[in-house]
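Engineer: Here's my sequence, what's the structure:
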Amino acid sequence: MAHIDSSVWKDKVALVVDDYQAVRKTIKELFSNLGLKIDEAENGVEALECLNSKKYDLVISDLVMAEMDGFELTETVKSSPKLRSIPLVILSTHADYKYIFRALRLGADDYLIKPPNTEMVQTVLARVFNHEW
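Structural biologist: So this is what the prediction gives:
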């Protein structure tokens, strides 16, 4: 694997959106260990409240959630002039290409399959913050 410059995301603030507290805790720990500061939201509605009240550098969202799922959150964020520039990464157990393509078509910047490992997360962070493809 090529060297990844983690300094580009050190101290950036990310919002983790997942309806399961245990999952948020695990994801928060993984991303925090890589140098990001993490806030949490339980669903898309709560995430939008956070996004409209604080500046975030990244959104990491599950797909299946009550009230507003990850697809609707992605579409809402990416259609908002105020929010569309924030990278949004889907993190889901759904590995079927139909879910992945739908999320990307709606504007997601990347897609991770749960459970992610450190190398996968570093690769995605490099892509969204350095635009490395």
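
Engineer: residue ranges of the helices in this protein, please?
Structural biologist: Chain-ordered helices for the chain, with DSSP state H as the definition, fall at 21-33, 44-53, 70-78, 97-105, 118-130.

Engineer: tell me which residues in the first one are buried?
Structural biologist: With burial defined by 16 or more other C-beta atoms under 10 Å, the residues of helix 21-33 counted as buried are 23-24, 26-28, 30-31. No exception for glycine: its C-beta is placed from N, CA and C like everyone else's.

Engineer: Would you mind finding the most buried of the helices of the chain?
Structural biologist: Comparing these by mean neighbour count (mean count of other C-beta atoms under 10 Å), helix 70-78 comes out on top with a mean of 22.

Engineer: In terms of pLDDT, where does S6 sit?
Structural biologist: Here the pLDDT value assigned to S6 is 76.

Engineer: Test my guess that it contacts G35.
Structural biologist: Yes - S6 is in contact with G35 according to C-beta atoms under 8 Å; the separation is 6.1 Å.

Engineer: distance of L34 from V124?
Structural biologist: Spatial separation of L34 from V124 under the definition C-beta to C-beta, to the nearest Å is 11 Å.

Engineer: typo on my end, it should be P115
Structural biologist: For P115, the distance to V124 equals 14 Å [C-beta to C-beta].

Engineer: any common contacting residues for these two?
Structural biologist: Residues touching both P115 and V124 (C-beta atoms under 8 Å, 6 or more residues apart in numbering): none.
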